[in-house]
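A.B. asks: Using only what follows, build the 3D model:
(2 chains)
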Amino acid sequence: MQHTFVAYVEDKPGVLTRVASLFRRLNINISSVTVGGSERTGISRMTLVADAPPAAGHRIMASLYKLENVVQVDDVGRFSSVSRELALIKVATTPKTRSHIFELVNVFRARVVDLAPGSLMIEITGSESKIEGLLQVLNENEDRVLEISRTGRMVMRRGHHTSRVLEALGDVESQQVAGAGTKGELPAQDTPYVLPEEETDDFRSDSDLPQ
Amino acid sequence: MTKQNPSTNDRRTRLTGAEMIWATLEGEGVREVFGYPGGAILPAYDALRKFPIRHILVRHEQSAVHMADGYARASGRVGVAIATSGPGATNMVTGIATAMLDSIPLVCITGQVGSKVLGSDAFQEVDITGITLPVTKHNYLVTRAEDVASVLRDAFRVAASGRPGPVLVDITKDAQQGTADFDFAAAASEKARNHPMLDVSQPSMAEAMELIRSAKRPLILAGHGIIQSGAMNQVRALAERAQIPVACTLLGLGSFPASHPLNLGMMGMHGESWVNHSIQEADLLIACGMRFDDRVTGNLANYAQKARKIHIDIDPAEINKNVPVQVALIGDLAQVLDQMLPLLRPRDGAAWLRTIDRLKGDAAVIDIKNLPDNGHLYAAHVIHDLWHATAGDAVIATDVGQHQMWEAQYYKHDKPRSLITSGGLGTMGFALPAAIGAKIACPEKEVWVIAGDGGFQMTCPELATIAQEQLDINIAIINNGYLGMIRQWQETFYEKNYQCSPIFSPDFVKLADAFGIPGATVKTRSEVLETVKEARTRKGPFLINFMVEQEDTVYPMIVPGAALHEMIRRPSGNPLVET
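C.D. replies: As a prediction, the model looks like this:
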């Protein structure tokens, strides 16, 4: 089963190694990992996707907490959340096939970001299944895909749930700035607020893909 | 030069990084460190004379870490070891891993090449933070003098807090040579970080109390965490009030008095038969500060199938790791039990205790009376007599192997921190250096090494450390001419193919003599007590070479993969006692 964790970690040398080494020790493959900034300076946000038995989630989370540089961990797979991935795809084209690819790009709400003689580059953002869908149809039409670069999954829980990373760091002032409510009152948590379907612009699952 | 103390002269002092190392250690209450100098750590050694810290010079860096480990196990304080870069640092790795597996709080300090040449394969450069990453609780690389104090203070916090463990601090030579302002108080580690998984308000407590109330055949599994948490009184109160018998893990020996009527003894691979049968028959296991290691569970598929389980541990990652449990109480054991005890109602455990009593006739401790009277000396005799002679009051450091299991079976530990042994990693060569650390930590206590002839040869140069530091440590070598546990496995699983397990040993008494340490060889039972007495009454160290039966086997024994109750017993002509 695929587990998705969001980990807030200190932005220091070697922290990525520590996190990666933990998965290596447990003999669990990391399918994707994205790391970047968060709402707090000095704290990076990682999204880790890993294939592991269903019961392993608790142990992975507890083991992540044992790393001194880890501030907070969330097993986001258990909650309603938005998941996105960015991909750059370079496709070989001829003057004949170019307009067909433009059509596909339109349907998938992707963008062409580079156009050159003989090739073009597509930028697409969405759920992994949406990106898989575009790749499938690109391959289907024998347009030669030259290069693919995918960022891996980024996930954020829906609704008024906050990361609570500021709170975890004991920073009361920033907590209030971050909208954590009045002093002493914890932010509402674990109450997934899901936007009604028609208001969203998400591909929620494979079935949402353009057929 | 008179010893002065730069850390207290002034709140803020200008110090070199090297001086800061010692000033911070002193501020943390460290009085003794174990180490070995070398190029990249020489600035620190140069500064040592200014500080009231005793440095014990070892003969190998692995031993320095084992000594710090023995020091920590005997005293409960954080042990400190120091070494140079490169080979000095890599030699520490086995010691660090030993401490990691047994959750021992250590701070290991290594010198490192200058920060300008890091990563250039400079002389004696090795990536020790990379190497020790999986065997430390945390490690640090310090490249600036101004970071030395704050990192070291943080290292002490990490080592001792939560589930304890070893921490390594790698300090470059230029960080030791540079100068910066030193302010011990300001360098204090930030407050313990928030750990939501540790911060649960125990909604499971009510469920736990209900399980205890309704149990007919409950059992407490007492682990190392009881000693680490200092929860001996709470566990005893729990056992006595609810009349629940207690089984100990190897590292849990001493957490509950061996002489207590509710104490059953050691569980697991070489545990007492009645203990393992009791676990298999129990309907409730209360696991206190133990981690269901494979040596105590046997085959997991049929481990304690009749029992519900309550697991109390400080490490959430241990919950459901090996054995699924019904109720988990996460937190410091003493605190959890303090919450639990007021809710505990007295219960009647007489029927269950009578059942266990019936199982007790069949026991390894009765073995000792059934050993053949063939004039041979048995390890069981030696350890039993040693226990009698010391009134069970000595601190015993053991090595790893058959003698370690016999020690656990025949030496009755009534007090915590009286058995120092490498449980998780099973590190041979541990006993001698660990005993040195224990003696430095507790000079008023009687300290004995019990080691096999194999393991003793792994770290025996530390006899020189004993001589140099003039330590009063007695050494008992259980000499059977074999790597005994290897021989036992070859006997049991490899058709007595004794490949590479017979081992030549020097004349240990002559060897000790070369270090100026007196000794004696003992070959018969009648000599044991008087020689032990001589060792105890003499001032200073004494070595006894016990020539024991060569092909003796530790019983009972659970074959790996077998269930906990499927023990191999001692073959015996006596039908009444088959152990």
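A.B. asks: top strand in chain A by residue count?
C.D. replies: Ranked by residue count, the top strand of chain A under DSSP state E comes out as strand A:81-92.
A.B. asks: Can you tell me what sits against that one?
C.D. replies: When contacts are taken as CB atoms under 8 Å, 6 or more residues apart in numbering or on different chains, the neighbours of strand A:81-92 outside the stretch itself are A:4, A:101, A:113-114, A:118-128, A:131, A:134-135, A:138, A:143-158, A:202. Bear in mind the C-beta positions are built from the backbone N, C-alpha and C, glycine included.
A.B. asks: which of those residues count as buried?
C.D. replies: Neighbour-count burial (16 or more other CB atoms under 10 Å in any protein chain shown) applied to the contacts of strand A:81-92 gives A:4, A:101, A:120-122, A:124, A:126-128, A:131, A:134-135, A:138, A:143, A:150-155, A:157.
A.B. asks: So which of those sit within strands?
C.D. replies: When the buried ones among the contacts of strand A:81-92 are checked against strands (DSSP E), the matches are A:T4, A:L120, A:M121, A:I122, A:I124, A:G126, A:R150, A:M154, A:V155, A:R157.
A.B. asks: any idea how far the closest residue to the fourth one other than its chain neighbours is from B:G230?
C.D. replies: Leaving aside its chain neighbours, A:I122 sits nearest to A:I89 (4.5 Å; criterion: CB to CB, 6 or more residues apart in numbering or on different chains). As defined by CB to CB, to the nearest Å, A:I89 lies at a distance of 61 Å from B:G230.
A.B. asks: And the two? Which one has more around it.
C.D. replies: Of the pair A:I89 and B:G230, A:I89 is the one with more neighbours under other CB atoms under 10 Å in any protein chain shown, namely 22 against 13.
A.B. asks: Next one: the more buried one from A:R98, what distance?
C.D. replies: When A:I89 is compared with A:R98 (using CB to CB), they lie 15 Å apart.
A.B. asks: Run through the residues that contact the residue most central in space within chain A.
C.D. replies: Closest to where the C-alpha atoms of chain A average out (CA atoms, centre = their mean) is A:M154, at 1.2 Å. With contact taken as CB under 8 Å, 6+ apart, A:M154 is in contact with A:T34, A:T47, A:S83, A:R84, A:E85.
A.B. asks: The first one belongs to a helix?
C.D. replies: Same thing as A:T34. No: secondary structure of A:T34, determined by DSSP: H, G, I helix; E, B strand; the rest coil: strand, with no helix assignment.
A.B. asks: Minimum distance to chain B, which residue of chain A gives it?
C.D. replies: When you check chain A against chain B by CB to the nearest CB, the closest residue turns out to be A:A62, at 3.7 Å.
A.B. asks: what's the helix or strand for that residue?
C.D. replies: Assigned by DSSP states H and E, A:A62 falls within helix A:56-66.
A.B. asks: After that helix, which helix or strand is next?
C.D. replies: Scanning forward in sequence from helix A:56-66 by DSSP H and E, the next helix or strand is strand A:70-74.
A.B. asks: Export stretch A:72-88 to PDB, keeping only CA atoms.
C.D. replies: Coordinates of the C-alpha atoms in stretch A:72-88 are reproduced here as PDB (Å, rounded to 0.1, in the frame of the first residue of the first chain):
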ATOM      1  CA  GLN A  72       6.500  17.300  12.800                       C
ATOM      2  CA  VAL A  73       5.000  14.400  10.800                       C
ATOM      3  CA  ASP A  74       1.600  13.900   9.300                       C
ATOM      4  CA  ASP A  75       0.300  10.700   7.800                       C
ATOM      5  CA  VAL A  76      -1.700  12.700   5.200                       C
ATOM      6  CA  GLY A  77      -2.900   9.600   3.400                       C
ATOM      7  CA  ARG A  78      -5.500   9.100   6.100                       C
ATOM      8  CA  PHE A  79      -7.100  12.500   5.500                       C
ATOM      9  CA  SER A  80      -8.900  14.300   2.800                       C
ATOM     10  CA  SER A  81      -6.200  16.300   1.000                       C
ATOM     11  CA  VAL A  82      -5.100  17.800  -2.200                       C
ATOM     12  CA  SER A  83      -2.300  16.100  -4.100                       C
ATOM     13  CA  ARG A  84      -0.300  17.600  -6.900                       C
ATOM     14  CA  GLU A  85       2.600  16.800  -9.100                       C
ATOM     15  CA  LEU A  86       4.400  18.900 -11.700                       C
ATOM     16  CA  ALA A  87       6.000  17.400 -14.800                       C
ATOM     17  CA  LEU A  88       7.900  18.700 -17.700                       C
END
